[in-house]
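Participant: Please work out how this folds:
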Amino acid sequence: MSSSQSETVTAVLPGWWRQLLSSQRREVQRVIGEVMATRGMMPLLMKARNGGQWTPAERLELLEHLRRIAHLSPYLIVLLLPGSMLILPVYAWWLDRRRLKRKDEALKRREAGQ
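Facilitator: Numbers count the residues shown, from 1 in each chain. Predicted structure coming up:
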């Protein structure tokens, strides 16, 4: 679908839906921009692995990259998917199930230790 066709389809949608799509597109662009800004991180990380030493400037650059990544929470990935608003309740349920499973495992470990 070309951008002109996409704009035509978007113009037909209700206002709230257009706002939802535009916010999703805005977030996609923001996340892609942040990911592209971390491109130089791998060579820096590999420098220490290959026996080199990081300079103070390189350490600051690594810290900036890590902060960028930390701001991109894994939960934002759901916002990048097409139809993400439909997936959101399922995602919340899945996250809750993981929390419950961890509580059960902690309880079992505590009982085994007694």
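
Participant: Please count neighbours and contacts with C-alpha atoms only from this point.
Facilitator: Fine.

Participant: burial of residue 13, as a residue count?
Facilitator: Close neighbours of residue 13, defined as other Cα atoms under 10 Å, add up to 12.

Participant: Same question for residue 88.
Facilitator: Each residue near residue 88 was counted by other Cα under 10 Å, and the total is 13.

Participant: which element is it on?
Facilitator: Secondary structure from DSSP states H and E places residue 88 in helix 84-113.

Participant: Could you do residue 26 as well?
Facilitator: Secondary structure assignment for residue 26, by DSSP H and E: helix 15-37.

Participant: domains of this structure?
Facilitator: When the chain is parsed into structural domains using automatic domain parsing, the resulting residue ranges are 1-75, 81-114.

Participant: now those domains as CSV including mean pLDDT?
Facilitator: Supplementary listing: the domains of the chain in CSV, determined by pLDDT from 0 to 100:
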stretch, mean pLDDT
domain 1-75, 79
domain 81-114, 71
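
Participant: contacting residues for residue 33?
Facilitator: Residue 33 makes no contacts at all, as judged by Cα atoms under 8 Å, 6 or more residues apart in numbering.

Participant: how much space between it and residue 106?
Facilitator: Between residue 33 and residue 106 the distance is 39 Å, computed by Cα to Cα, to the nearest Å.

Participant: cool, and residue 64?
Facilitator: In this structure, residue 64 and residue 106 are 35 Å apart, going by Cα to Cα.

Participant: between these two, which one's more packed in?
Facilitator: Taking neighbours as other Cα under 10 Å, residue 64 and residue 106 compare with residue 64 leading, 15 against 12.

Participant: First-to-last residue distance for stretch 71-88?
Facilitator: Stretch 71-88 has an end-to-end distance of 20 Å (criterion: Cα to Cα).

Participant: Make residue 1 into 54 and carry on from there
Facilitator: Okay, using 54 as the starting number, the last item reads as stretch 124-141.
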